[in-house]
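Novice: my questions are about this predicted structure, shown below with the sequence.
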Amino acid sequence: MYVSIIISSYKDEPYLRKLLKQINSSNLEKFNYIEVLIGDASEIRSDLDYGSVISNEKIKLRFFHLPKLSRSHTLNFLIKESKGEFIVRLDARTRIRANYFNKLHLLSFSGCANVGGIMQPIGYSRKQKAIARTMRSPFAFGWSDHRNAKTIKKTQSIYLGAFTKKLMPEMPWYEDSSYQISEDSLLCKKIIRNGQCNMIDPAIKAYYLARDNQMDLFKLSFGYGVAKMNAIFVDKKIINLRFATFLIAFLFTSIVFINSLMNNPLSIKIFITLITFYFFMNFVFSGVVSSWKTKFVYRVMFYHTIVHFAYMYGVFHSIYLKVKHGKS
């Protein structure tokens with residue numbers, strides 16, 4: 001089988017070299033030929049010799065400098081250039097195990113156009129490890145299939161993915177969304193509309209380097225909030241009960257807080273009760289995802305709070321733009 005591995009990159013040289021080393025040392029015996037296509041959208045072409053990392057004679061490395069090209073357009077370019085019948089997408093910040101490609105290939109026999117594993121955030125520093133645990137937490141984003149699927153199943157969204165080319169929709173596969181919805185999510189929906197399916201296997205893990213500071217975590221969570229609300233505007237339906245419950249709880253707490261500022265005794269008691277309950281739940285979930293390690297519990301509590309406020313800020317920012325301009 002001829003396999004094409006496509007990687008979009010933007011100023012990711014240190015991460016990219018490590019990923020290429022992992023690809024080079026992967027178990028690739030089942031594949032006759034492998035090409036790795038890198039699309040670098042950085043303004044200045046990298047002068048690093050990525051080819052020196054590849055020693056496996058089966059692997060052909062192809063590098064394209066595509067300055068200022070969006071990620072979706074970069075991926076579409078690489079797909080057009082690819083020669084493989086099976087296309088695996090990776091990100092420069094991805095980390096994989098040696099059997100990653102073999103497991104994806106085996107899962108492709110399910111007959112689904114797109115197959116993949118779960119997204120597993122990781123970190124190196126204590127701060128980055130705590131943020132990674134936060135992203136995996138059910139109290140944050142860890143409840144979605146692409147982060148926390150428990151069984152092999154068809155799903156609405158897959159992180160990165162691997163594609164059987166003959167089963168995929170017509171090009172372009174990826175779209176730039178004016179609604180800030182992720183290209184992965186849009187592609188999975190397109191595949192379903194095309195009469196095909198997306199299959200996820202929790203035994204397959206794509207490890208991803210988490211953000212390494214609070215501001216980047218805030219921006220990421222804000223973007224998730226914007227994308228979630230925009231997806232609701234586009235699909236014209238609430239995506240899930242969990243989101244609806246979270247939104248209602250946030251609105252109710254905000255209303256109670258405003259009333260408490262007016263010295264309403266009942267509102268003050270309710271607000272204190274709600275906040276106490278929130279921090280209790282935050283503490284419990286933080287302890288569970290931190291394995292009750294003191295060095296992580298309180299950091300994760302703090303990052304949970306950042307995620308929640310940034311996410312809801314993104315949701316209401318999207319609503320505000322929709323009301324003000326009629327678009328998001």
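Specialist: Happy to help now that I have it. Numbers count the residues shown, from 1 in each chain.

Novice: check the protein for its longest helix and report it.
Specialist: helix 294-325 (DSSP state H).

Novice: shaky segments in the stretch 51-200 of the chain?
Specialist: 176-181 (pLDDT under 70).

Novice: ranges for the strands of it?
Specialist: In the stretch 51-200 of the chain, the segments counted as strands under DSSP state E, counting those that start in this stretch are 59-65, 86-91, 94-95, 114-122, 153-154, 162-164, 198-209.

Novice: nearest to G51, of those strands?
Specialist: Nearest of these to G51, taken as Cβ to Cβ: strand 59-65 at 5.4 Å. Every C-beta, even on glycine, is put in place using the N, C-alpha and C of the backbone.

Novice: convert the closest one to PDB, retaining C-alpha atoms only.
Specialist: Extracted C-alpha coordinates of strand 59-65, given in PDB (Å, rounded to 0.1, in the frame of the first residue of the first chain):
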ATOM      1  CA  ILE A  59      10.100   7.100   3.300                       C
ATOM      2  CA  LYS A  60      10.200   9.900   0.800                       C
ATOM      3  CA  LEU A  61      10.200  13.400   2.200                       C
ATOM      4  CA  ARG A  62       8.600  16.300   0.200                       C
ATOM      5  CA  PHE A  63       8.700  19.800   1.600                       C
ATOM      6  CA  PHE A  64       6.600  22.800   0.300                       C
ATOM      7  CA  HIS A  65       7.000  26.400   1.400                       C
END
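
Novice: that one packs against which elements?
Specialist: Where contact means 3 or more Cβ pairs under 8 Å, 6 or more residues apart in numbering; DSSP states H and E, strand 59-65 is packed against helix 13-24, strand 33-40, helix 71-81.

Novice: that strand versus strand 33-40: what angle between them?
Specialist: Computed by axes from the mean of the first three to the mean of the last three Cα atoms, to 10 degrees, the angle separating strand 59-65 from strand 33-40 equals 20 degrees.

Novice: for strand 59-65, buried residues please.
Specialist: By 16 or more other Cβ atoms under 10 Å, the buried positions in strand 59-65 come out as 59, 61, 63.

Novice: quickly list what the last one is bridged to.
Specialist: Beta-bridge pairing of F63, defined through DSSP bridges, involves I38.
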